[in-house]
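> this one's structure only:
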């Protein structure tokens, strides 16, 4: 599978709460809040800016020492902060706290259509 350059969002801080993570990210000089929680009805992504049509996107969190977790989520439009609803990502982040510094988003304009 061939990937082009993703949207890259810097993770400034992720704090664990009772059953989710809440923190701060920066994208193109703007700071936003981020919330990572388990999905309720569907795995989804919402962003504080327009990404395109509501389609499946690849969401990847990375950090130093080659740590990575990724999941395919449905992009569901605009929210006041970055919202990631994925039990898989939530549980992996819980097991590897303070090890992520980048959120990458691959969408239809930069995700190869052969997947």
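Cool, the structure landed. Only a predicted model underlies this, so the values are computations on that prediction, with no experimental measurement involved.
> sec struct for the residue lying closest to residue 68 once chain neighbours are set aside, please.
What sits nearest to residue 68 in space, not counting adjacent residues and going by C-beta to C-beta, 6 or more residues apart in numbering, is residue 62, at 4.9 Å. Heads up, the C-betas are built off the backbone N, CA and C, glycines and all. Assigned by DSSP: H, G, I helix; E, B strand; the rest coil, the conformation of residue 62 is strand.
> and the one 10 residues further on, by the same measure?
Counting by three-state DSSP, the backbone at residue 72 sits in strand.
> surely it meets residue 57?
Yes: using C-beta atoms under 8 Å, residue 72 is in contact with residue 57, at 7.2 Å.
> give me the more crowded residue out of these two.
residue 57 (24 against 15; other C-beta atoms under 10 Å).
> give me the pLDDT for that one.
At residue 57, the pLDDT value in this model is 92.
> buried residues of the one helix or strand it maps to, list them for me.
Following DSSP states H and E, one finds residue 57 within strand 56-63. The neighbour-count check on strand 56-63 (16 or more other C-beta atoms under 10 Å) flags 57-62 as buried.
> nothing else from me, thank you.
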